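S.K.: got a predicted model here, sequence first, then my questions.
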Amino acid sequence: MENNKKKLLKIAALLAFVGLSVVFIVAVVLGISADRNPEFLTEKSWIRVGNCEEHIRFDEEGEFAYWCSCGSPVDDYDLYDSYSYRDNLITMKGGEDKTTARVIYYDESYLCLYLEAEDECRVFVDESYANADYAEHEPATFANEGWAELHILGYNDGKLKVAPVNYDGDAKKEFEEYIRDLSVTADIEFYSVESVDDNGDITTEHIKLNEEQISHIGEYYTGAFVNFDTEGNIRYVVFYGKTIIQG
């Protein structure tokens, strides 16, 4: 009987040890997952082009840098060399100095940040997309002026529902991460630019959408360039389309 009790005690102790080990391992794994910086920040080379090409980098290991192609830092961002991310807020640190950037929107091609230190919204574009042959406009230059090319899903109650420009309704689940409701200004304006290429004879029509046309946003009006103001609200939306007639 005494031997059985000892065996039971040993087994109980072993199970307790194993249980604590499992809890420790799970805690470590969860801790690593919680501290991992998001791929949408770390796996892209984000740029914008004004007087000089700007680069902003968020390293997977938590290193941060924001500089011009000429080698100079942008504004005072040489004060910060690391960052952390949580709930759409990026905190950049350097010694005792600290500032934040709020993520307003992101997808595979665009990153829109509201920078606390500058009190300004800035739009960045993925460098590989900016230099792609299929990019008909100049994404990096447009981004510097606050423009991003998006797919508009709807406009209701002062919110513009957006998705990446290559959004496919038949593969909606693949885009769920990027679908956002963006705030707009009280005086937001919607425009449409339609081009017709009739056997090489090109005509273009520019119109400002009326209330009836605005009610069809997300249905007839989808592909657009949107412009962010300094506070990160949408001020202008320009829809575009092109019809080609041959023969």
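M.R.: Arrived safely.

S.K.: name the SS class of the closest residue to residue 58 other than its chain neighbours, please.
M.R.: Once flanking residues are discounted, residue 58 sits nearest to residue 41: 4.0 Å by C-beta to C-beta, 6 or more residues apart in numbering. C-beta here means a position set from N, CA and C on the backbone, and glycine is covered the same way. Put simply, residue 41 is helix when judged by DSSP: H, G, I helix; E, B strand; the rest coil.

S.K.: wait, what's in contact with residue 41?
M.R.: Residue 41 makes contact with 58, 85, 90, 111, according to C-beta atoms under 8 Å, 6 or more residues apart in numbering.

S.K.: cool, and residue 191?
M.R.: Contacts for residue 191 were tallied using C-beta under 8 Å, 6+ apart; they are 206-209, 236-239.

S.K.: backbone dihedrals for residue 108, both of them.
M.R.: The phi and psi values for residue 108, taken as degrees, to the nearest 10, are phi -70, psi -20.

S.K.: tally of neighbours for it?
M.R.: 16 (other C-beta atoms under 10 Å).

S.K.: kindly report the same for residue 40.
M.R.: When neighbours are counted by other C-beta under 10 Å, residue 40 registers 17.

S.K.: so what's it closest to, chain neighbours aside?
M.R.: Sequence neighbours aside, residue 106 is the residue nearest to residue 40 in space, at 4.9 Å (criterion: C-beta to C-beta, 6+ apart).

S.K.: check residue 83 too.
M.R.: residue 64 (4.1 Å).

S.K.: report the separation between that neighbour and residue 245.
M.R.: Shown here: residue 64 relative to residue 245, a distance of 51 Å by C-beta to C-beta, to the nearest Å.

S.K.: of these two, which one has the most company?
M.R.: Per other C-beta under 10 Å, whichever of residue 64 and residue 245 has more neighbours is residue 64, with 21 against 10.

S.K.: tell me the contacts of the residue nearest to the spatial centre of the chain?
M.R.: Nearest residue to the geometric centre of the chain (C-alpha atoms, centre = their mean): residue 106, 0.9 Å. Contact partners of residue 106, counting by C-beta under 8 Å, 6+ apart, are 40, 112, 178.

S.K.: residues in contact with the first one?
M.R.: Okay, so that is residue 40. 106-107, 111.

S.K.: next: the last one.
M.R.: If you count contacts by C-beta under 8 Å, 6+ apart, residue 178 has them with 106-108, 163-164.

S.K.: which non-adjacent residue is nearest residue 93?
M.R.: residue 82 (5.1 Å).
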